[in-house]
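>>> need coordinates for the below:
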Amino acid sequence: MGRIFKTPKDDSVEETLRAMHLANTVDNVYEWGIGWVRTVIAFTIGVLGTSALEYYTNIGVWELTGEWAASKVEETGQWLLGLVS
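Model prediction:
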């Protein structure tokens, strides 16, 4: 008799459930691994692309991003001060 089901005829159901669980586990591990590989590849392409853009066009992407973020923080602060007063 099986551990999950307590009748001899249910052994096939238990084995099917175990096989499905094993297949699901293998699939999850595969997807997790492929996801990390894709993330590393996309990150590398993004960094190299940004560096190439800065080098060949003399545009400071990181600098412009920092300035944009600082202006958004300042605008949000002014908006919040307008709500308080």
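>>> which helices and strands does the helix or strand where Val47 lies pack with?
Using DSSP states H and E, Val47 falls within helix 11-57. Using 3 or more Cβ pairs under 8 Å, 6 or more residues apart in numbering; DSSP states H and E, the elements in contact with helix 11-57 are helix 61-84. (Each C-beta comes from the backbone N, C-alpha and C, glycine too.)
>>> buried set for the helix it packs on?
When burial is assessed from 16 or more other Cβ atoms under 10 Å, helix 61-84 yields no buried residues.
>>> chain center to the helix or strand of the chain with the lowest mean pLDDT, what's the gap?
Every helix and strand of the chain was ranked by mean pLDDT, DSSP states H and E. The lowest is helix 11-57, at a mean of 88. Chain-centre distance of helix 11-57: 9 Å, with Cα atoms, centre = their mean, to the nearest Å.
>>> ok, now stretch 67-75?
Centroid separation between stretch 67-75 and its chain, computed with Cα atoms, centre = their mean, is 26 Å.
>>> just the CA trace of it, in PDB.
Below are the C-alpha coordinates for stretch 67-75, written out as PDB (Å, rounded to 0.1, in the frame of the first residue of the first chain):
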ATOM      1  CA  GLU A  67      20.000  64.600 -13.200                       C
ATOM      2  CA  TRP A  68      16.600  63.400 -14.300                       C
ATOM      3  CA  ALA A  69      16.100  61.400 -11.000                       C
ATOM      4  CA  ALA A  70      17.300  64.400  -8.900                       C
ATOM      5  CA  SER A  71      14.800  66.700 -10.700                       C
ATOM      6  CA  LYS A  72      12.000  64.200 -10.100                       C
ATOM      7  CA  VAL A  73      12.800  64.000  -6.400                       C
ATOM      8  CA  GLU A  74      12.900  67.800  -6.200                       C
ATOM      9  CA  GLU A  75       9.500  68.100  -8.000                       C
END
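>>> can you tell me the average pLDDT over that stretch?
Stretch 67-75 carries an average pLDDT of 95.
>>> gap between Leu48 and Trp79?
As judged by Cβ to Cβ, to the nearest Å, Leu48 and Trp79 stand 37 Å apart.
>>> how much space between the closest residue in space to Leu53 that isn't next to it in sequence and Thr44?
Distances taken as Cβ to Cβ, 6 or more residues apart in numbering put Val61 closest to Leu53, at 6.0 Å, once the chain neighbours are dropped. Using Cβ to Cβ, Val61 is found at 16 Å from Thr44.
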